[in-house]
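In: My questions concern the predicted model and sequence given below.
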Amino acid sequence: MAKARYIMIGGFLGAGKTTAILRLAELLTAQGLKVGLITNDQSVGLVDTTLLGAHGFPVEEITGGCFCCRFNSLVTAAERLSEETRPDVFLAEPVGSCTDLKATVDYPLRRLYGDNFAIAPFSVLIDPARALRILGLETGASFSPKVVYIYEKQLEEADVIVINKIDTLIPERLERLEQALTARFPKAQLVRTSAREGVGLEPWLERLSHEQAQTGTAMEVDYDRYADGEALLGWLNATLQLSADEPFDGNVLLTSLTQDIQARLQAAGVEIAHLKLTLTPLDYGTDLGVINAVRNDLLPELSHTLQEPLELGELILNLRAEAPPEQLKALVLAALPALPVEIEIEHLESFQPGRPEPTHRLTEAT
């Protein structure tokens, strides 16, 4: 039996990983291949799982920690997908604040389950505008040094650095970014894409489908510094039930709520890592509204629009930002009363990720 291909798409929060995975899954399906998707978060109630599932792909969600700390759950999720649909390709999206994934996920998979999986090159997506700031090429809001440490470690271990959202930058800025990435991370191949526009995906997928992940000695990681960086990022997940006596425009609601939260974060001096919301009607069909905000100074993007007004809906909200979780919770709760609907909070938690404790860490691939 042929090995299933394991493709892991990493990258910092807001880089566009979920959109890219969705587009790759569509391309693989068009090639006649079966695809299984695995999402990952520090807690339950993940927008990404809702979005990918809405497109009809089989999805397993691993909660309660990143792939490295939940390695056995990752393997179990792959086994469940294999029993149900026997995927030819697994597309896995780790938590956006996670690094050291080659030593803690790729290498253990290769050593312990090498008969089952062919490991594709490890891709790390970046939002080019954020990368320009973090790498010191442009000014603007960024993160504290310990968070930047995680960001740079993600790039250091990449086999392929994928510059996503190329439609948002002029060529001169992209070229300056590419020159800096080549100088600082010379072992990584660079790829340009716009997952949203469907640009540059085929050459990237060709590489992922036929090349093997790089091996060698794993990079060094200061886990104290890594843990401190993760702990600076507040996490908020909420699931709300919305209802109204008259049909309301869900797209307007998503946009106004996102802009309100974004403005409150801006006023508090809190930089967004990623704010994303889905709204699913409960009174008709399988429609879905999705909105994202990845920086304070960028307008939210309504990537999926609802086709009809609704009276009942489920709103899922995920917010990641560099701020204490109690502050994020207060800012989000303060924005809810302005919504023109009745709100029942089904689930709401805010927290800081715990110290990463990998199940395995191998410094060599074999």
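Out: Good, I have the coordinates.
In: what kind of secondary structure is the closest residue to residue 216 other than its chain neighbours in?
Out: Leaving aside its sequence neighbours, residue 216 sits nearest to residue 365 (CB to CB, 6 or more residues apart in numbering; 7.3 Å). Heads up, the C-betas are built off the backbone N, CA and C, glycines and all. At residue 365, secondary structure determined by DSSP: H, G, I helix; E, B strand; the rest coil is coil.
In: give the contact list for residue 365.
Out: The neighbourhood of residue 365, defined by CB atoms under 8 Å, 6 or more residues apart in numbering, consists of 106, 107, 110, 111, 213, 215, 216.
In: what's the helix or strand hosting the fourth one packed up against?
Out: Counting by DSSP states H and E, the element that carries residue 111 is helix 107-113. In terms of contacts (3 or more CB pairs under 8 Å, 6 or more residues apart in numbering; DSSP states H and E), helix 107-113 is packed against helix 71-85, strand 117-119.
In: switch to 7 Å and redo it
Out: strand 117-119 (3 or more CB pairs under 7 Å, 6 or more residues apart in numbering; DSSP states H and E).
In: The strand it packs on pairs with which strands?
Out: In the sheet containing strand 117-119, the strands it pairs with under DSSP bridges are strand 4-11 (parallel).
In: residues in contact with the partner strand?
Out: With CB atoms under 7 Å, 6 or more residues apart in numbering as the test, strand 4-11 has contacts from 17, 20-21, 87-94, 96, 101, 105-106, 109, 116-120, 122-126, 154, 208-209.
In: Just the buried residues out of the residues you listed, in ChimeraX syntax.
Out: Only the buried members of the contacts of strand 4-11 end up in this ChimeraX selection, burial being decided by 16 or more other CB atoms under 10 Å:
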select :17,20,21,87,88,89,90,91,92,93,94,96,101,105,106,109,117,118,119,120,122,123,124,125,126,154,208,209
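In: In helices, which of the contacts of strand 4-11 fall?
Out: 17, 20, 21, 101, 109, 154, 208, 209 (DSSP state H).
In: Tell me which two of these sit farthest apart.
Out: Comparing all pairs in those by CB to CB, the longest separation belongs to 154 and 209, at 22.6 Å.
In: thinking again about what came up before, neighbour-wise, which one of the contacts of residue 365 leads?
Out: The residue in those with the most neighbours, by other CB atoms under 10 Å, is residue 106 (26 neighbours).
In: Helices of the stretch 101-250 of the chain, start to end?
Out: Along the stretch 101-250 of the chain, the stretches classed as helices by DSSP state H, counting those that start in this stretch are 101, 107-113, 128-134, 145-156, 171-184, 201-210, 223-231, 250-267.
In: Okay, angle between the fourth one and strand 4-11 too, please.
Out: Okay, so that is helix 145-156. Relative orientation of helix 145-156 with respect to strand 4-11: 140 degrees, computed using axes from the mean of the first three to the mean of the last three CA atoms, to 10 degrees.
In: same check, this time on the last one
Out: What separates the directions of helix 250-267 and strand 4-11 is an angle of 50 degrees, with the same axes, to 10 degrees.
In: How far off centre is the very next helix or strand once past helix 250-267?
Out: Downstream of helix 250-267, the next assigned helix or strand under DSSP H and E is strand 272-281. The chain centre lies 12 Å from the centre of strand 272-281; the measure is CA atoms, centre = their mean, to the nearest Å.
In: Thanks again, I'm all set now.
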